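[1] Here is my input, please return the structure:
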Amino acid sequence: MSADGFDYAPLVRKTAPPPAPRFTGFPKYNFIGGHNDPTEIPVDALAKAADTVLRREGAKLAMYNMAQGPLGYEGLRDFVVKKVARRGITCTRDEVLITSGSGPGIDLVNQVLLDPGDPVIAEEFTYGGALTKLKKFGATIIGAPLDKGGIRIEALNAILDELKRKGARAKYIYTIPSIQNPTGSIMSLERRRQLLEVAGRHGVPIFEDECYTDLNFTDHMPPAIYSLDPRRVIHIGSFSKSLAPALRVGYVVAPWPILSRMVACKTDGGTGAIEQMVIAEYFGGEFEPHVRQLSGVLKAKLTTMVDAVEKEFGTAAECWAPDGGIFLWLKLPDAVDVTKLVKPAADAGIAFNPGPEWACDPARAKSHLRLCFALPSHDEIRAGVAAFARVCFEQTGIPAQSANVRHRV
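    Numbers count the residues shown, from 1 in each chain. You can find the predicted model right below:
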């Protein structure tokens, strides 16, 4: 109830989410979210890019979408065309839609394709935000089993066959094939082709999320699935991870028949123009060196986190070694329910993402958790993992030994 006595509670729709807590600052050891390394934000270069592009084109801010239409700033769309060409994708600027981060891109796909109850197939462990959005639309979420190489094709085929026997068909297959979130795996070219073959045989499109592909720790990355069959794939990406999360800019690449439907659903008056202008100006000349430098910094932090987990948890933790990105996905013994560690960890100044929030079937991820290693320093990673191991032992008796010291209750 507000100070004047008016109560909004009876007016809130029944399906509204619970109230959000007030933001009180980050915890001491913050291993959640998609934050990045603050020392790697090119502040001076971004300031220069902003000054240059605003002086050149700032007058266009007087018009919605800078008078360039609802697809977004032409300079950034031209850059996206060049960027995705690195992934084997051939497209024009008129097949690129700029969005306020990748999340609105997911929303638009769902608005165009989904009715309540529609089946959607996702990887069994996947982006929690995508799962939240699917639940909001009332979709029936079906998890496809994963291994170190991504979706297991034989299991996916069995799921699609079972839907067919029931007279149903999935509306799309959502996959993060390049630096998967949360596992960090990369799907091989052979498996990408197998995925297309199975999906094509069942008449199901593929929704490809490549938000982390720029942060690659390997020497090779297979081409985007979209490049192998643009007719049946919708492709999204983001600048949140390759540049800065607070710059809310992402993109969709799709053939015009489906992109035009998405544009019709986009009612926000246009994605923020200044962010688009600055990103296009800066990345027009600095993309390759920037992502190479950032990836090297992140890879070093990953090494520190893996070393810390091995030191503090020993054999009690099983890590999925990521091939890039900003997350470490790990599993504790089956006896550990990570959701019961959230509050005691928070009380100790530690925040982590419990696995059930990143799983189609939360019960299958009861002992899993995701740790973001991008934001904290190397010292904070070591101290935070050690602090988390102490909380875990106090609550569960696991790990019984860490840092070569056997714990006593």
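[2] average pLDDT across the helix or strand hosting residue 292?
    Following DSSP states H and E, one finds residue 292 within helix 273-313. Regarding helix 273-313, the rounded mean pLDDT is 95.
[3] next one: stretch 38-56
    Across stretch 38-56, the average pLDDT comes to 96.
[4] from now on call the first residue 26
    Yep, numbering from 26; the last one is stretch 63-81 now.
[5] Pull out the buried residues from that stretch.
    65, 67, 71, 74, 75, 78 (16 or more other CB atoms under 10 Å). C-beta here means a position set from N, CA and C on the backbone, and glycine is covered the same way.
[6] Would you check that the third one makes contact with residue 302?
    Read it as residue 71. No - look at residue 71 against residue 302 with CB atoms under 8 Å: they stay out of range, at 11.1 Å.
[7] how about the one helix or strand residue 185 maps to as PDB, C-alpha atoms only?
    Applying DSSP H and E as the criterion places residue 185 in helix 178-190. This file holds the C-alpha atoms of helix 178-190, laid out as PDB (Å, rounded to 0.1, in the frame of the first residue of the first chain):
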ATOM      1  CA  ILE A 178      20.800 -35.600 -32.600                       C
ATOM      2  CA  GLU A 179      19.400 -39.100 -32.000                       C
ATOM      3  CA  ALA A 180      17.500 -37.800 -28.900                       C
ATOM      4  CA  LEU A 181      16.200 -34.800 -30.800                       C
ATOM      5  CA  ASN A 182      15.000 -37.000 -33.600                       C
ATOM      6  CA  ALA A 183      13.200 -39.200 -31.100                       C
ATOM      7  CA  ILE A 184      11.500 -36.200 -29.600                       C
ATOM      8  CA  LEU A 185      10.300 -35.000 -33.000                       C
ATOM      9  CA  ASP A 186       9.100 -38.500 -33.900                       C
ATOM     10  CA  GLU A 187       7.100 -38.600 -30.600                       C
ATOM     11  CA  LEU A 188       5.500 -35.200 -31.300                       C
ATOM     12  CA  LYS A 189       4.600 -36.400 -34.800                       C
ATOM     13  CA  ARG A 190       2.900 -39.600 -33.400                       C
END
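[8] What ranges does the stretch 276-425 of the chain have for its helices?
    For the stretch 276-425 of the chain, applying DSSP state H, counting those that start in this stretch gives helices covering 281-290, 298-338, 367-372, 403-421.
[9] Can you spell out which helices and strands pack onto the third one?
    Secondary structure elements in contact with helix 367-372, counted by 3 or more CB pairs under 8 Å, 6 or more residues apart in numbering; DSSP states H and E, are helix 403-421.
[10] Convert the C-alpha atoms of the helix it packs on to PDB, please.
    Only the C-alpha atoms of helix 403-421 are listed here, as PDB (Å, rounded to 0.1, in the frame of the first residue of the first chain):
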ATOM      1  CA  HIS A 403      41.500 -12.800 -10.300                       C
ATOM      2  CA  ASP A 404      41.900 -12.300  -6.600                       C
ATOM      3  CA  GLU A 405      38.100 -11.900  -6.100                       C
ATOM      4  CA  ILE A 406      37.600 -15.100  -8.100                       C
ATOM      5  CA  ARG A 407      40.000 -17.100  -5.800                       C
ATOM      6  CA  ALA A 408      38.600 -15.600  -2.600                       C
ATOM      7  CA  GLY A 409      34.900 -15.900  -3.800                       C
ATOM      8  CA  VAL A 410      35.200 -19.600  -4.800                       C
ATOM      9  CA  ALA A 411      36.900 -20.300  -1.400                       C
ATOM     10  CA  ALA A 412      34.100 -18.600   0.400                       C
ATOM     11  CA  PHE A 413      31.500 -20.500  -1.600                       C
ATOM     12  CA  ALA A 414      33.200 -23.800  -0.800                       C
ATOM     13  CA  ARG A 415      33.000 -22.900   3.000                       C
ATOM     14  CA  VAL A 416      29.300 -22.100   2.700                       C
ATOM     15  CA  CYS A 417      28.700 -25.400   0.800                       C
ATOM     16  CA  PHE A 418      30.500 -27.400   3.400                       C
ATOM     17  CA  GLU A 419      28.700 -25.700   6.300                       C
ATOM     18  CA  GLN A 420      25.400 -26.500   4.600                       C
ATOM     19  CA  THR A 421      26.000 -29.900   3.100                       C
END
